[in-house]
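Colleague: 3D model of this:
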Amino acid sequence: MRVLVTGAAGFLGSHLCDRLLADGHRVIGMDNYITGTPTNLAHLEHHPAFQFVRHDVTTFIELEGPLDAVLHFASPASPVDYLELPIQTLKVGSLGTHKALGLARAKQSRFLLASTSETYGDPLVHPQPETYWGNVNPVGPRGVYDEAKRFAEAMTMAYHRYHGLDTRIVRIFNTFGPRMRPHDGRVVSNFIIQALRGEPLTIYGDGSQTRSFCYVDDLIEGITRLFERGTADPTNIGNPGEFTVRQLADRVLALTGSKSEIVQRPLPIDDPRVRQPDITRARELLGWEPHVPLDEGLRRTIAYFKEVEKK
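Modeller: Reported below is the predicted structural model:
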């Protein structure tokens, strides 16, 4: 297949490009580097089946030749990014999704939208199944990301129903692994960098809020299966293992051998109190579930950041 991946220079986009190439597809990676990193794709520079196009997907996308699939991963995706880039986040979720869907329709391609567990907001249902509609504050500071993705899902379903487009929606839960940016504001990268530098680990609130951490290899496997044999209904992909933020901090300290202390800061507005995917649909539809334990994923990620810190 000839496949377009938007947001290809990002954390998840670059891993997805690697997987698609390994599966024998020809891949066009597209990114404007607003949050993506060229080094994430540097190893593919001379790959015969990979082509990179620098482009902002909120403007018209034009590609020559046939195209079998569009996987839309372009978006700021960490709290630091979408709080600093609120309008760009809204534009890529709305205009960018519209342009990517338009290209998929013109080329008669399959379309996969990278959505997020943030569509559930601060959930009142736990764990979160795909049937839950969410508890989102549309005018809060996090609303720019939450609502951008909710709109993107609505637009994707509209193209599926009105134009008959073959679509997929993956709701991605907290994911971590190599190629995360050191200062992207995500809790795993924050803790690891702080621990490696001997700085205090910053916990927001009392650390009792929960998250479910999926290692990137598991996530990409789930997305690949959804792309190949999923349905148009949104599908959660994430690790149902639930940990408090305080437990994560303790694991990072133990695995790095750091003597850093833990300090508390005020809880951000609308920060979710719980986050855990119900992956029943993924298990039944795709035969998928994660296999990499938290500690093993953390070891691999710590090793990556140790190399980054040497540079």
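Colleague: tell me where the stretch 151-300 of the chain has strands.
Modeller: Ranges of strands in the stretch 151-300 of the chain, per DSSP state E, counting those that start in this stretch, are 167-172, 175-176, 201-204, 210-211, 214-215, 234-237, 243-244, 262-265.
Colleague: need those strands in TSV (columns: mean neighbour count, distance to Ile302 and mean pLDDT).
Modeller: Heads up, the C-betas are built off the backbone N, CA and C, glycines and all. Formatted as TSV, those follow (neighbours: other CB atoms under 10 Å; distance: least, CB to CB, whole Å; pLDDT from 0 to 100):
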stretch	mean neighbour count	distance to Ile302	mean pLDDT
strand 167-172	24	22	98
strand 175-176	25	11	98
strand 201-204	19	13	94
strand 210-211	21	18	93
strand 214-215	24	12	98
strand 234-237	24	24	98
strand 243-244	17	16	95
strand 262-265	12	17	93
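Colleague: mind putting the ones you listed in a markdown table, distance to Tyr145 included?
Modeller: Listed next are the strands of the stretch 151-300 of the chain as a markdown table, based on distance: least, CB to CB, whole Å:
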| stretch | distance to Tyr145 |
| --- | --- |
| strand 167-172 | 12 |
| strand 175-176 | 15 |
| strand 201-204 | 17 |
| strand 210-211 | 16 |
| strand 214-215 | 19 |
| strand 234-237 | 16 |
| strand 243-244 | 23 |
| strand 262-265 | 21 |
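Colleague: tell me the contacts of the spatially closest residue to Leu219 that is not a sequence neighbour?
Modeller: The shortest distance from Leu219 to any non-neighbouring residue, by CB to CB, 6 or more residues apart in numbering, is to Thr175 (4.8 Å). Shown in contact with Thr175 (CB atoms under 8 Å, 6 or more residues apart in numbering): 11-12, 213-216, 219, 238.
Colleague: could you dump those to CSV with distance to Tyr204?
Modeller: Formatted as CSV, the contacts of Thr175 follow (distance: CB to CB, whole Å):
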residue, distance to Tyr204
Phe11, 21
Leu12, 24
Phe213, 16
Cys214, 21
Tyr215, 23
Val216, 24
Leu219, 24
Gly238, 21
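Colleague: residues contacting the nearest residue to Phe173 once chain neighbours are set aside?
Modeller: Closest residue to Phe173 apart from its sequence neighbours, by CB to CB, 6+ apart: Gly238 at 2.6 Å. By CB under 8 Å, 6+ apart, the contact set of Gly238 is 117, 171-175, 212, 214, 219, 277, 279, 290.
Colleague: same thing with Ile192?
Modeller: Listed by CB under 8 Å, 6+ apart, the contact set of Ile192 reads 252, 256, 298, 301-302, 305.
Colleague: out of the residues you listed, who's nearest Glu45?
Modeller: Ranked by distance to Glu45 (CB to CB), these are led by Phe305 at 23.3 Å.
Colleague: skipping adjacent residues, who's closest to the residue of the chain most remote from its centre in space?
Modeller: Relative to the mean C-alpha coordinate of the chain, counting by CA atoms, centre = their mean, the farthest residue is Lys259 (30.7 Å). Sequence neighbours aside, Gly198 is the residue nearest to Lys259 in space, at 6.9 Å (criterion: CB to CB, 6+ apart).
Colleague: and that neighbour, its phi and psi?
Modeller: Taking degrees, to the nearest 10, you get phi 70, psi 20 for the backbone angles of Gly198.
Colleague: do I have it right that it meets Ser258?
Modeller: Yes. Gly198 lies in contact with Ser258 (CB atoms under 8 Å); the separation is 6.4 Å.
Colleague: neighbours around the nearest residue to Val252 once chain neighbours are set aside, how many?
Modeller: Spatially, and ignoring its direct neighbours in sequence, Val252 is nearest to Phe191 (4.3 Å; CB to CB, 6+ apart). Applying other CB atoms under 10 Å, we find 26 residues neighbouring Phe191.
Colleague: next up, the contacts around Phe191.
Modeller: Residues counted as contacts of Phe191 (CB under 8 Å, 6+ apart) are 201, 248-249, 252.
Colleague: quick check: the farthest pair among the residues you listed?
Modeller: Leu201 and Leu248 (9.3 Å).
Colleague: quickly note the distance from Pro200 to Phe191.
Modeller: Between Pro200 and Phe191 the distance, using CB to CB, to the nearest Å, works out to 10 Å.
Colleague: and Leu298, by the same measure?
Modeller: Counting by CB to CB, the gap from Leu298 to Phe191 is 9 Å.
Colleague: in the stretch 101-250 of the chain, which spans are helices?
Modeller: Under the criterion DSSP state H, counting those that start in this stretch, the stretch 101-250 of the chain contains helices at 143-163, 187-196, 216-229, 245-256.
Colleague: number of nearby residues for Leu71?
Modeller: Leu71 is flanked by 30 other residues according to other CB under 10 Å.
Colleague: report the beta-bridge partners for it.
Modeller: When bridges are called by DSSP bridges, Leu71 pairs up with Val5, Leu112.
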